[in-house]
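Provided below for reference: sequence and predicted model.
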Amino acid sequence: MVADDLIKSILIKNQSDNLPEDCLVKSNFLSLYENFQSIDYMKDRAILSTKNEYVDMLNDRIIKQLPGEGKKFYSFDEAVDDRNHHYQQEFLSVATKWTTTPQADIFAITTNVKPSINYITRHNKPDTRREITLMNISGMLMCATLFGDLATNEGSILEEEIKYKPIIALSDFKISIYQGTSISSQIISTLCINPKIELASELREWFQLEEAAKAKGSPSMLFKNAKEIHISDIMHTSQNSIQAQYCTFKAKITTILNRLEPWFYACKGCDKKVDTDVSKECLNDKYHRIINDPLPMYLVKILMENGTDNTRVTLFDAAETLIRCKAEKFITEKKYKNNHSPYFQKFVLNIEKTFKFLVKLDEKTKDERGEGLNSSSADILVAELLFTPI
């Protein structure tokens, strides 16, 4: 009986033809028209909701009841004359409404999601992180690190949906362009998956066109727009900008240094090389996670020349275009058919062929790139490289 009385006392009944949401607003904000300018009146009332989208909907219904001309504010970076601290500074720029005007630092396609990694922070507290790879509408790849709940919750959703290449909107992430673009989440960061906005639709359409072109062997937009330079320009020219830049160059493959075993096994969480014959633990993980199924990845080392210049290039994921199959399939074929594997034979036939490469230049100076090498020989170690046969 007591329970029934308690339920009746907190239950809000809809006694009119109005929508239930309007009855909820009216019961909590009595005399709203007369008191909407009172800070004490507004801050002492709240309607709790299970989802942000419901909060946005209720806010809209309340705002529509307020008198006066409506104004649109995209964000607040500072509270003016807030002597009583009614507005929490760290939440002023947080955006949660993704169905109308987007307020995000980055809109991108998710191309890869790594497993989450548990680790100990410098304050000796357990935490979780996860690396994801993004591609923006210019075709540039970026790596973002999710921490805490974002790594566990949203990161798990992205991992499950990665085959559909979900679009994400990042807001209030920490972005650094020093020595390459670095993106990482903060306490106030928000991540929205597949926001229902026009910009997301445009990004999806662009990505589908890029994938279709890639399937036909056509170069990407990033490849087409990159400036063509000479090998010597890469080795002997410093970057004026602190941002990474892309460029292309032509060169002939003279030798594949590790053609008999162009792969390694990596930890799925950090992509670092592991040797399960020596240790079953990932040494890069502070929790020393057990590795039961290391990930096979390409690592192809080739010598190239262009006129009087020569260089050594290391290919990682880009080697898949050269070998024309996944690393796991190449290893299996090589194991059972040895040098008679059709993939291996196509692979070595690339020697003495000329290619056009897309390479990402970071902020290293010319001395750092060519350290220990003479003017006619240089060493370019790059993980992101695309190419088109000439």
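Done, it's in. Numbering: from 1, shown residues only.

What is the distance between stretch 205-223 and the centre of its chain?
Its chain's C-alpha centre and that of stretch 205-223 lie 19 Å apart, by C-alpha atoms, centre = their mean, to the nearest Å.

Would you state the helices of this protein in chain order?
All helices of the chain, identified by DSSP state H, fall at 2-10, 20-28, 32-35, 39-43, 52-64, 148-149, 155-161, 198-215, 221-225, 231-236, 319-323, 327-337, 342-348, 366-369.

between the ones you listed, which one is nearest to I106?
helix 198-215 (11.0 Å; C-beta to C-beta). To be clear about C-beta, it is placed using only N, CA and C from the backbone, and glycine gets the same treatment.

If the spatially closest residue to P262 that is not a sequence neighbour is in a bridge, with which residues?
Distances taken as C-beta to C-beta, 6 or more residues apart in numbering put V300 closest to P262, at 4.4 Å, once the chain neighbours are dropped. Note on V300: beta-bridge partners by DSSP bridges are L315.

who's in contact with V300?
256, 258, 262, 314-315, 319, 322-323 (C-beta atoms under 8 Å, 6 or more residues apart in numbering).

still on that earlier bit, please tabulate the helices of the chain in TSV and include mean neighbour count, mean pLDDT and distance to T248 as additional columns.
Shown next, in TSV, are these (neighbours: other C-beta atoms under 10 Å; pLDDT from 0 to 100; distance: least, C-beta to C-beta, whole Å):
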stretch	mean neighbour count	mean pLDDT	distance to T248
helix 2-10	8	66	67
helix 20-28	15	78	57
helix 32-35	12	80	62
helix 39-43	12	80	58
helix 52-64	14	75	44
helix 148-149	14	90	40
helix 155-161	17	93	31
helix 198-215	14	86	16
helix 221-225	16	77	7
helix 231-236	18	70	10
helix 319-323	19	83	14
helix 327-337	15	91	25
helix 342-348	15	91	22
helix 366-369	14	46	17
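
now these as TSV including distance to C270?
Formatted as TSV, those follow (distance: least, C-beta to C-beta, whole Å):
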stretch	distance to C270
helix 2-10	50
helix 20-28	47
helix 32-35	54
helix 39-43	46
helix 52-64	32
helix 148-149	18
helix 155-161	15
helix 198-215	27
helix 221-225	26
helix 231-236	28
helix 319-323	20
helix 327-337	17
helix 342-348	27
helix 366-369	24
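
Outline the domain layout of this structure.
Domain segmentation of the chain under automatic domain parsing yields 13-71, 106-209, 219-262+299-389.

Quick check, pLDDT for D293.
Looking at D293, its pLDDT stands at 77.

which ones are touching the closest residue to it other than its chain neighbours?
Nearest residue to D293 in three dimensions, chain neighbours excluded: K268, at 7.5 Å (C-beta to C-beta, 6+ apart). By C-beta under 8 Å, 6+ apart, the residues touching K268 are 114-115, 291, 293-295.

ok, the residues you listed vs D275, which is closest?
Proximity to D275 was ranked across these by C-beta to C-beta; first place goes to P294, at 9.0 Å.

which residues does that closest one contact?
Here P294 is in contact with 265-268, 274, 276 (C-beta under 8 Å, 6+ apart).

Out of the residues you listed, the closest to K337 would be?
Nearest member of these to K337, counting by C-beta to C-beta, is Y265, at 20.5 Å.

before we move on, back to that, Produce a PyMOL select command limited to the buried residues of the contacts of P294.
The PyMOL selection below is limited to those of the contacts of P294 classed as buried (16 or more other C-beta atoms under 10 Å):
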select buried, resi 265+266+267+268+274
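
Which of the contacts of P294 fall within strands?
265-266 (DSSP state E).

can you tell me which two in the contacts of P294 are farthest apart?
Across these, the longest distance by C-beta to C-beta is 12.7 Å; it joins K268 and T276.

Which pLDDT value goes with N258?
At N258, the predicted lDDT confidence score is 92.

What sits closest to it if chain neighbours are left out?
K301 (5.1 Å).

can you pull out the strands in the stretch 1-150 of the chain?
With DSSP state E, counting those that start in this stretch, the ranges of strands along the stretch 1-150 of the chain come out as 106-113, 117-120, 126-135, 141-147.

Output those strands as a markdown table; include the columns distance to L361.
Shown next, in a markdown table, are the strands of the stretch 1-150 of the chain (distance: least, C-beta to C-beta, whole Å):
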| stretch | distance to L361 |
| --- | --- |
| strand 106-113 | 21 |
| strand 117-120 | 29 |
| strand 126-135 | 18 |
| strand 141-147 | 14 |
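
Out of these, flag the one nearest I168.
Once the strands of the stretch 1-150 of the chain are compared by C-beta to C-beta, strand 106-113 is nearest, at 5.6 Å.

residues in contact with stretch 144-158?
106, 110, 113, 116, 127-134, 166, 168, 170, 173, 183-185, 187, 189, 191, 193.

T332 versus the closest residue to A108 other than its chain neighbours, what's the distance?
Nearest residue to A108 in three dimensions, chain neighbours excluded: L134, at 3.8 Å (C-beta to C-beta, 6+ apart). Distance, L134 to T332, using C-beta to C-beta, to the nearest Å: 31 Å.

same check, this time on I162
I162 is 23 Å from T332, by C-beta to C-beta.

How far does stretch 169-178 sit from its chain's centre?
10 Å.

can you check stretch 196-206 too?
17 Å.

what's the least confident helix or strand in this structure, going by average pLDDT?
Least confident helix or strand of the chain, by mean pLDDT, DSSP states H and E, is helix 366-369 with a mean of 46.

Please report how far the residue nearest to P262 lies from D309.
In terms of C-beta to C-beta, V300 sits 20 Å off from D309.

what do you get for C143?
From C143 to D309 the distance is 30 Å (C-beta to C-beta).
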